[in-house]
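Visitor: give me a model of this one.
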Amino acid sequence: MLRIGKLAIPLLMFVLILSACGDKYEGDFSYEVQDFSFTNQDGEKVSKSSLEGKFWVADFVFTNCETVCPPMTANMAKLQDKLNEAELDDVQLVSFSVDPDRDTKSALKEFGKSHGASFDNWHFLTGYEFQTIKEFSIKSFKSALEKVKDSDQLMHGTSFFLVSPEGNAIKRYSGIKAAEMDKIVKDIKEMK
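Guide: Residues are numbered from 1 along each chain as shown. As a prediction, the model looks like this:
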């Protein structure tokens, strides 16, 4: 019996140390966002490391989208306003283009402007191959991305993802429901 007691204390210490090594922010899941370094609408490099230490919200859009991207981008603009009102101006917004061949820096800038974007903390990213963003979307966010056969349209997820300061996607929200923007602000405020 005495021998078990001697083993229990080191085992308990080991378990406590391991539990302390977990992520600081808990969400509904934890997907590690893969490293990236892409170009934004102003020609600046934006990378995972440049966003480190900040909460950020990511989505996937393209400027030629005829369905979900315009309302998603309008909702992201509403989110930007709500974050400013809540004095959460250090939160970054990142829209990854899923059509990088067509979505040039200037096309993304015009698209953002037309939907009310301010570029202070919102990056529209391009400068990669379609296969790169497809793999990134699937590996980092578990979000499918496919080209539509015989069309210039793309099939992609409509979620907004909250990414923790450690670089893990931890929550998913509907990007087409305006009410979800309040949830995002609330969740970030509770975690800060």
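Visitor: which parts of the protein are helices?
Guide: 2-20, 48-51, 69-85, 105-114, 130-141, 180-191 (DSSP state H).
Visitor: export the fourth one to CSV, keeping only CA atoms.
Guide: This points to helix 105-114. Provided in CSV are the C-alpha atoms of helix 105-114 (Å, rounded to 0.1, in the frame of the first residue of the first chain):
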residue,chain,number,x,y,z
LYS,A,105,-5.2,42.9,-54.7
SER,A,106,-7.1,45.7,-56.4
ALA,A,107,-10.2,43.5,-57.0
LEU,A,108,-10.2,42.5,-53.4
LYS,A,109,-9.8,46.1,-52.3
GLU,A,110,-12.7,47.2,-54.4
PHE,A,111,-14.8,44.3,-53.2
GLY,A,112,-14.1,45.2,-49.6
LYS,A,113,-14.9,48.9,-50.1
SER,A,114,-18.2,48.0,-51.9
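Visitor: residues touching it, excluding its own?
Guide: With Cβ atoms under 8 Å, 6 or more residues apart in numbering as the test, helix 105-114 has contacts from 39-43, 61, 63, 73, 95, 97, 103, 119, 122, 124-126. Where you see a C-beta, it was placed from the backbone N, CA and C, and this is true even at glycine.
Visitor: what's the ChimeraX line that selects buried ones from the residues you listed?
Guide: Only the buried entries of the contacts of helix 105-114 go into this ChimeraX selection, using 16 or more other Cβ atoms under 10 Å:
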select :39,40,41,61,63,73,95,97,103,119,122,124,125,126
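Visitor: ok, back up a step: redo the helices of the chain as a markdown table? Include mean pLDDT and distance to residue 147.
Guide: Formatted as a markdown table, the helices of the chain follow (pLDDT from 0 to 100; distance: least, Cβ to Cβ, whole Å):
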| stretch | mean pLDDT | distance to residue 147 |
| --- | --- | --- |
| helix 2-20 | 45 | 43 |
| helix 48-51 | 98 | 26 |
| helix 69-85 | 97 | 15 |
| helix 105-114 | 97 | 18 |
| helix 130-141 | 97 | 7 |
| helix 180-191 | 97 | 27 |
